[in-house]
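Student: Okay, structure incoming, though there's no sequence with it:
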């Protein structure tokens, strides 16, 4: 992968930014992770000049609405492009086995048969298993169950052709069971629900989330060179980057990134 395009950075209740999802580019192709909670995914892709016809691989982490509902729109729009003979090849959707039925059922209930008829022929579902590996866009992905107590959820590790290792443990805090997948990572994509001094306001621990301080302490302990924080609250989004960075710098001394929607991060 060459870079990471941030499509959304907010949590489930965010209204001033889109729900957390992102694309990674390799050549002219894109790998999409989650699709957010609605048709905002289409605007996010348009703003980044990412054509639907160049998205052939999508990974869905879990069934929460802010991660999965945008998939209905992705399927509808890509299937429309297929029906107009504008989409070459197949769409590959990667997810754990329970999500296959969830995504297909949501789609059949909300969009027409002329779109869902592509399931199994040109829209192909690939189930991922804990520790299972797949080569996607020439990079090696290792998928893992994050051990969520809320909803079955998977993350992944990427070993890129250029030697860079990236770890994405979904939208919950790192657990020790994930150490084999996160250790030695050059990049860690981690959720940070809010500032530590706002924990009594946003209740991150009750929601199985972490604070900026928690995520930064973790990255420091694991010697992660590059840390990306997202999946946040959005009550003061104009100052989020400044405030989150200031708190994070107290505990983490690597390359700390608190992106806004639409930012592009280069892997180096």
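Tutor: It's in. Because the structure is predicted, anything quoted here is derived from the model rather than measured.

Student: part of a helix, is residue 241?
Tutor: Yes: counting by DSSP: H, G, I helix; E, B strand; the rest coil, residue 241 falls inside a helix.

Student: can you pull the contacts of the closest residue to it other than its chain neighbours?
Tutor: With sequence-adjacent residues excluded and distances taken as CB to CB, 6 or more residues apart in numbering, residue 241 is closest to residue 258, at 4.7 Å. Yep, even glycine has a C-beta here, placed from its N, CA and C like the rest. Shown in contact with residue 258 (CB atoms under 8 Å, 6 or more residues apart in numbering): 228-230, 240-241, 244-245, 248.

Student: One more pass at 6 Å, please.
Tutor: Shown here is residue 258, whose contacts under the criterion CB atoms under 6 Å, 6 or more residues apart in numbering are 229, 241, 244-245.

Student: Could you work out the most separated pair of those?
Tutor: Using CB to CB, the pair of the contacts of residue 258 lying farthest apart is 229 and 241, separated by 9.6 Å.

Student: Would you mind measuring from residue 159 to residue 240?
Tutor: Spatial separation of residue 159 from residue 240 under the definition CB to CB, to the nearest Å is 31 Å.

Student: In terms of neighbours, single out the busier of those two.
Tutor: The residue with more neighbours, out of residue 159 and residue 240 and counting by other CB atoms under 10 Å, is residue 240; that gives 24 against 16.

Student: Report how many residues lie close to residue 105.
Tutor: 11.

Student: State whether it is indeed within a helix.
Tutor: Yes: if the criterion is three-state DSSP, then residue 105 is within a helix.

Student: Number the chain from 18, please
Tutor: From this message on, residue numbering opens at 18, which makes the last subject residue 122.

Student: So which residues of this protein form helices?
Tutor: With DSSP state H as the definition, the chain shows helices at residue ranges 57-64, 82-85, 87-100, 114-127, 130-133, 196-199, 216-219, 229-238, 257-266.

Student: Buried ones in the last one, by neighbour count?
Tutor: The reference is to helix 257-266. By neighbour count, with 16 or more other CB atoms under 10 Å as the criterion, the buried positions of helix 257-266 are 257-258, 260-262, 264-265.

Student: cool, the first one as well?
Tutor: Neighbour-count burial for helix 57-64, counted by 16+ other CB under 10 Å, picks out 57-59, 61-62.

Student: which residues touch that helix?
Tutor: Looking at what lies outside helix 57-64 - CB under 6 Å, 6+ apart - the contacts are 24, 35, 52, 87, 90, 279.

Student: now the third one
Tutor: Residues outside helix 87-100 that contact it (CB under 6 Å, 6+ apart) are 52-53, 55-56, 58-59, 69, 104, 108, 120, 123-124, 127-128, 132, 135, 139.

Student: Can you flag the buried ones in the residues you listed?
Tutor: Among the contacts of helix 87-100, those that count as buried by neighbour count (16+ other CB under 10 Å) are 52-53, 55-56, 58-59, 69, 104, 108, 120, 123-124, 128, 132, 135.

Student: For residue 205, list the residues it contacts.
Tutor: Applying CB under 6 Å, 6+ apart, one finds that residue 205 lies in contact with 184, 236, 241, 244.
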